[in-house]
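Engineer: starting from these lines, generate the structure:
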Amino acid sequence: MAKHGKKYTAAAAKVDIDKIYTAQEALTLVKETSITKFDATVEIHMHTTLDPRQSDQQLRDVVVLPHGLGKTVRVLVFSQGEGAAAARAAGADLVADDDETLKKIEGGMLDFDVAIATPDAMGKVGRLGRILGPRGLMPNPKAGTVVPAQDMERAIKEAKAGRVEFRLDKTANIHVSIGKTSFEAKKLVENYGALMDAVNKSRPSGAKGNFIKHITVATTMGPGIKMDPNEHVKGAE
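Structural biologist: Take a look at the predicted model:
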């Protein structure tokens, strides 16, 4: 078993491992148990009863968090012509409309957080799958990151405002960031409420009963805090 430092041990001592906390309690406590010098990310970890091998138990969607993620989101757009012009006008940080930029990305230039593409660019984007896929950066219609040129402004605004993709992984878990420890607890609770609304609305057809079994919240390198998976938490009004 890994040994933890004094800071982690002191933080973990504040958490009752047998208690299931409400969202308000957990997201207040998670701020107190952050042990990093930097503004740590607050992460939600859900364990589900879903079987990722079954096609009717897949879960993947997006949510726009009302208070964002507390960081500057750099957006790259794959497009050409009208789409590229719309992307530049909407404030994209980088527009890949030439082979030179595509080659740079293929070589490992990944100075962006979200990649958006127009459908006509997906042929070229496809060859970058082995670079973008493992990092969760591959544009995907389900995630709202493959859009026509006329929807480009909305897609970029949502990405920069805090649109987050969530998906079931191979171990039936979902991991999502909902903000930073510098956020007020109220804002974390509202972001969490918006996330849970979106997850429940995306309930797969093959899900049985309460498909979210356990929820834990933690900061980067901080201790986990158990949350009530059945609590209904309101998002921002």
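Engineer: strands along the chain, start to end?
Structural biologist: Using DSSP state E, the strands of the chain run over 41-48, 60-64, 75-78, 94-96, 114-117, 163-167, 173-180, 212-219, 225-227.
Engineer: relative to Thr28, which of these is closest?
Structural biologist: Nearest of the strands of the chain to Thr28, taken as Cβ to Cβ: strand 225-227 at 9.9 Å. C-betas here are computed from N, CA, C, even on glycine.
Engineer: centre-most residue in the chain?
Structural biologist: Residue closest to the average C-alpha location in the chain (Cα atoms, centre = their mean): Val164, at 3.9 Å.
Engineer: find the nearest non-adjacent residue to Thr220, please.
Structural biologist: Nearest non-adjacent residue to Thr220, counting by Cβ to Cβ, 6 or more residues apart in numbering: Ala40, 4.2 Å away.
Engineer: right, and that neighbour touches Gly222 too?
Structural biologist: Yes: counting by Cβ atoms under 8 Å, Ala40 touches Gly222, with 6.7 Å between them.
Engineer: ok, these two, which is more surrounded?
Structural biologist: Just comparing Ala40 and Gly222: by other Cβ atoms under 10 Å the higher neighbour count belongs to Gly222, 25 against 20.
Engineer: so what pLDDT did that one get?
Structural biologist: pLDDT, Gly222: 90.
Engineer: same question, Lys160
Structural biologist: On the pLDDT scale, Lys160 gets 89.
Engineer: got it, and Thr22?
Structural biologist: pLDDT for Thr22: 96.
Engineer: can you check Lys14 too?
Structural biologist: Reported pLDDT at Lys14 in the predicted model: 92.
Engineer: can you list the domain ranges for this structure.
Structural biologist: The chain breaks down into these domains under automatic domain parsing: 15-69+163-227, 75-160.
Engineer: so for Ala40 and Gly222, which residues contact both of them?
Structural biologist: Jointly contacting Ala40 and Gly222 under the rule Cβ atoms under 8 Å, 6 or more residues apart in numbering are Ser34.
Engineer: against which helices or strands is the longest helix that the chain contains packed?
Structural biologist: The single longest helix within the chain, with elements called by DSSP state H, is helix 185-201. Taking 3 or more Cβ pairs under 8 Å, 6 or more residues apart in numbering; DSSP states H and E as contact, the helices and strands that helix 185-201 lies on are helix 23-32, strand 41-48, strand 60-64, strand 163-167, strand 173-180.
Engineer: ok, which of these comes nearest Ala115?
Structural biologist: Using Cβ to Cβ, the helices and strands packed on helix 185-201 put strand 163-167 closest to Ala115, at 11.4 Å.
Engineer: what's the local residue count around Pro66?
Structural biologist: 15.
Engineer: isn't it right next to Glu190, touching?
Structural biologist: Yes: assessed by Cβ under 8 Å, Pro66 is found in contact with Glu190 at 5.4 Å.
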